[in-house]
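S.K.: need a structure here:
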Amino acid sequence: MKVWKDVFSGDEMVSDSYKMEMIFQDACLEVQAKFVTKGNDNVQIACDDEQEDDGEGETVINIVDAHRLNELQLSKKDCMTMLKAYLKKVVGYLKENGKEDRVAGFKAGATEMIKFIMEKFDEMQIFVGESMDTEAGMAFSYTKDGETDPVFLYMVDGCKEEKF
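M.R.: This is a model prediction of the structure:
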């Protein structure tokens with residue numbers, strides 16, 4: 001299993017147990033999440049779409065629950081300020097770690113990603129890792145048109161991949 005941890009906080013942000021793909025010039029990891037019921041003793045091995053949930057347990061987003069992400073409430077202006085500072089940190093991290101060849105691609109892809117986030121800001125939920133470090137990486141979640149489960153966006157250059 002692979003886990004992506006934020007390079008600044010060390011917080012676990014996501015793992016490869018979810019459907020994912022690289023977008024925005026490989027600067028963004030797009031991950032498909034699901035709503036799941038936690039604390040329900042009724043375990044269904046073969047899940048039938050027509051079966052009703054008995055309503056017991058708490059409905060959570062699997063990625064948020066599994067990686068102990070915490071939601072932030074930010075204004076658009078505050079979010080943009082935080083993202084600009086984070087971009088500078090990631091560029092510095094890439095240069096310090098011998099990844100200068102990745103800086104241009106990261107900047108271009110991250111700019112596309114931020115434009116997308118700002119266009120859909122009112123639909124976005126913003127999460128940080130378990131440590132609540134607001135100067136570290138953030139995850140952005142929204143629901144695509146016609147879908148019911150959320151999608152998460154991560155700046156992958158601010159994460160390090162660990163194998164377990």
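
S.K.: Centre-most residue in this protein?
M.R.: With distances taken as CA atoms, centre = their mean, the chain has residue 139 as the residue nearest its mean C-alpha position (3.3 Å).

S.K.: Which element, helix or strand, includes that one?
M.R.: Using DSSP states H and E, residue 139 falls within strand 138-142.

S.K.: Tell me which strands the very next helix or strand once past that strand pairs with, and in which orientation.
M.R.: Scanning forward in sequence from strand 138-142 by DSSP H and E, the next helix or strand is strand 151-155. The strands that strand 151-155 pairs with in its sheet are strand 28-32 (antiparallel), strand 138-142 (antiparallel) (by DSSP bridges).

S.K.: do you know which of these lies nearest residue 6?
M.R.: strand 138-142 (9.1 Å; CB to CB). Using the backbone N, CA and C atoms, a C-beta is placed for each residue, glycine as well.

S.K.: Residue 148 - how many residues pack around it?
M.R.: By the measure other CB atoms under 10 Å, the count of residues near residue 148 is 8.
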